[in-house]
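Q: Predicted model, plus sequence, below.
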Amino acid sequence: MQIQQLTYFVAVARTRHFTRAAEMTGISQPSLSKQIRVLENSLGTPLFVRNRGAIELTSAGEALLPHAQRILIDVESAERTVHEVASLRRGRVRLGATPSLCDGLLPAALTRFHAAHPDIDLEVQEAGSRLLTRDLAYGRLDVALLIVPLHNSDPDIETTPVLRERLVLASPVAADMPDRMDVSGLRDLPLVMFREGYDLRNVTLRACEAAGFEPRFAVEGGEMSAVLRFVEAGLGHAVVPSMVLATRPGIRTTQLENPPLDRVIALAHRSSEALPLAARAFKAELLEHLTTATTGASVV
């Protein structure tokens, strides 16, 4: 069994198509098919059922797939670590973050890291915590900034809380709003609400429910940037992290009390392997940045 054969096997398993798998792996379709047959012969059992117009995994293929994926992830991690030099003159960090963190915390943190390590390539993926957790488990990301606790968390993902972030009420700048307000005051306000599954939506709805009322939506369904634009346009109010408002002069901030609302940001990575050197350097720079540059938040 060879690593390249496992690469071809996983490609076919993902695409369920030999031609598309060949294009994905950069070889001809006959060569890929031949290597799959060689792998099947070495294992003594078929891995795919080849029906006209459909490719399905056999029970043996289903059993092999998670092991093959893990082997390929580990091989890629080993190659990446070997190719990094001790002084971090080269390397890559594949980073994931939620939309609110991309809008608030991340730009300054990345600027600081890039200044310290200009030759380290940065790849950033913006997504919700659930998708980031999945991509960490599949080895598509090295590290992610996400919101905890995670729902249906993967036991292979290790999370380290790094920041407790205050949530505030964002209002149009022309709105007549107090500097501080109890959560119960949201009862009479039209809210701009995030889409289903967004952690800030869940936090807001739970807070309203605990205060004994159901909130009224003016607009719903947006991501962070859209919600902030809707608030600026005067469509309503929204519960958001305080740090995303630092560069929004068209939005007024009201501190929420009784109870104050917050959420915990964690640094996450696969627990089954050591962080690559470049990712460890990013983690160190991020933690240093958090101790000196955050507002409306406290380091955990």
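A: Yes, it's here. Residues are numbered from 1 along each chain as shown.
Q: Near the nearest residue to residue 224 once chain neighbours are set aside, how many other residues are there?
A: Nearest non-adjacent residue to residue 224, counting by C-beta to C-beta, 6 or more residues apart in numbering: residue 99, 4.2 Å away. For every residue, glycine as well, the C-beta is placed using N, CA and C. Residue 99: 20 surrounding residues under other C-beta atoms under 10 Å.
Q: So residue 99 versus residue 226, what's the distance?
A: 10 Å (C-beta to C-beta, to the nearest Å).
Q: Pop the domain breakdown of the protein in here.
A: 3-71, 91-163+264-299, 165-263 (automatic domain parsing).
Q: so which of those domains gets nearest residue 80?
A: If you check each of the domains of the chain against residue 80 by C-beta to C-beta, domain 91-163+264-299 wins as the nearest, at 5.5 Å.
Q: which one's the longest helix in this protein?
A: Counting by DSSP state H, the longest helix found in the chain is helix 59-83.
Q: At which residues are the strands of the stretch 51-200 of the chain located?
A: Ranges of strands in the stretch 51-200 of the chain, per DSSP state E, counting those that start in this stretch, are 54-57, 91-97, 120-126, 143-148, 157-172, 180-182, 190-194.
Q: Sorry, slip of the keys, the one I care about is the stretch 201-300 of the chain.
A: Using DSSP E, counting those that start in this stretch, strands in the stretch 201-300 of the chain cover 216-222, 238-241, 251-257, 261-270, 297-299.
Q: In TSV, list these along with mean neighbour count, distance to residue 4 and mean pLDDT.
A: Below are the strands of the stretch 201-300 of the chain laid out as TSV (neighbours: other C-beta atoms under 10 Å; distance: least, C-beta to C-beta, whole Å; pLDDT from 0 to 100):
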stretch	mean neighbour count	distance to residue 4	mean pLDDT
strand 216-222	15	45	91
strand 238-241	26	45	94
strand 251-257	18	54	95
strand 261-270	20	23	89
strand 297-299	15	45	60
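Q: just checking, what packs against the helix or strand hosting residue 9?
A: Residue 9 belongs to helix 3-15 when assigned by DSSP states H and E. Applying 3 or more C-beta pairs under 8 Å, 6 or more residues apart in numbering; DSSP states H and E, we find helix 3-15 packed against helix 18-25, helix 29-43, helix 59-83.
Q: and if we set it to 10 Å?
A: Counting contacts by 3 or more C-beta pairs under 10 Å, 6 or more residues apart in numbering; DSSP states H and E, helix 3-15 packs against helix 18-25, helix 29-43, strand 48-51, strand 54-57, helix 59-83.
Q: taking these together, which one is wrapped up most tightly?
A: Mean neighbour count (mean count of other C-beta atoms under 10 Å) peaks for helix 18-25 among the helices and strands packed on helix 3-15, with a mean of 17.
Q: Report the distance from that helix to the chain centre.
A: 28 Å (C-alpha atoms, centre = their mean, to the nearest Å).
Q: in stretch 170-185, what's buried?
A: For stretch 170-185, a neighbour-count test (16 or more other C-beta atoms under 10 Å) marks 170, 171, 172, 175, 177, 181, 183, 185 as buried.
Q: Can you say which two of those residues are spatially most distant?
A: 172 and 183 (19.7 Å).
Q: re earlier: what about the strands of the stretch 201-300 of the chain, which gets the closest to residue 3?
A: Here strand 261-270 is closest among the strands of the stretch 201-300 of the chain (C-beta to C-beta), at 19.4 Å.
Q: check contacts around residue 99.
A: 126-128, 194, 198, 200, 222-227, 244 (C-beta atoms under 10 Å, 6 or more residues apart in numbering).
Q: looking at those, which has the most residues close by?
A: residue 227 (30 neighbours).
Q: Quick check, pLDDT for it.
A: Residue 227 is assigned 93 on the pLDDT scale.
Q: Assess the claim that it and residue 245 are in contact.
A: No: applying C-beta atoms under 10 Å as the test, residue 227 and residue 245 come out as separate, 11.6 Å apart.
Q: where do the contact lists of these two overlap?
A: In contact with both residue 227 and residue 245: residue 170, using C-beta under 10 Å, 6+ apart.
Q: neighbours around the spatially closest residue to residue 91 that is not a sequence neighbour, how many?
A: The shortest distance from residue 91 to any non-neighbouring residue, by C-beta to C-beta, 6+ apart, is to residue 278 (3.4 Å). Residue 278: 25 surrounding residues under other C-beta under 10 Å.
Q: Residue 278 and residue 79: what is the separation?
A: 13 Å.
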